[in-house]
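Colleague: what follows is a predicted structure for the sequence shown.
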Amino acid sequence: MGALFEIARLLINTLGGLFLTAVILRFLLQLARADFYNPISQALVRITNPVIKPLRRLIPGFFGIDIASLALAIVIKLLMIVALFVVQTGSANFNLALVLLVAVLSVFVTIFNIYFVAMIATIIMSWVAAGSYHPAVVLIHQIAEPVMAPFRRLLPPMGGIDFSPMIAFLALNVVKIVFTALAVQIGLHPQSFLGLLLLDI
């Protein structure tokens, strides 16, 4: 059972995780008003359109926010959690409301992690690939900019050094700690099955 569970876990996390990441990236790129004609953007659209286009007929956007993509990401994470739970326990007896809450928290933690990676990549590329117009570099900058811009306005560059990434990192860490504390408050002990799923994303 242990080996079968590990294989199932690998497949669920890999296949589900890849599609989940594509959906979340599409959501973030639209939120950032990123370049739609970028080849990476086009690839994400092709991958996610078969599900998102029909879903948008049921869930319209709100103030420019692609609610359908966000809802799809939560559903994908929900299905991943349920699949892992059933494979491990052999039972479908679970608290749907709690699992849904874990799915929502996990999606937002994933979004924070993507922002972390995007900001780190932006800083590194400013040293080694400044002025690059590679499609990946452009999209990473566009993803990170909505997070960096407010802090850059609050803390303009001093002596040619931009300290806004440091403040943005601190702010994201604070939000992530709040999410973790919320998970504990609702009974998700870090060593519990759902608690581990929330952290293992």
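Modeller: Received it, and whenever you're ready, just let me know what you need.
Colleague: shaky segments in this structure?
Modeller: By pLDDT under 70, the weakly predicted segments of the chain are 1-2, 91-92, 94, 129-132, 156-163, 183-201.
Colleague: longest helix anywhere in it?
Modeller: If you go by DSSP state H, the chain has its longest helix at helix 96-128.
Colleague: following element in sequence after that one, please.
Modeller: Going down the chain from helix 96-128, the next helix or strand is helix 135-154, by DSSP states H and E.
Colleague: what angle sits between that following helix and helix 96-128?
Modeller: Between helix 135-154 and helix 96-128, the angle comes out at 90 degrees (axes from the mean of the first three to the mean of the last three CA atoms, to 10 degrees).
Colleague: report all helices and strands that helix 135-154 contacts.
Modeller: helix 17-31, helix 39-58, helix 96-128, helix 164-185 (3 or more CB pairs under 8 Å, 6 or more residues apart in numbering; DSSP states H and E). For the C-beta atoms, the positions are set from N, CA and C on the backbone; glycine is no exception.
Colleague: let's see it at 6 Å
Modeller: Under the contact definition 3 or more CB pairs under 6 Å, 6 or more residues apart in numbering; DSSP states H and E, helix 135-154 sits against helix 39-58, helix 96-128, helix 164-185.
Colleague: would you tell me which one of those is buried the most?
Modeller: Comparing those by mean neighbour count (mean count of other CB atoms under 10 Å), helix 96-128 ranks first with a mean of 17.
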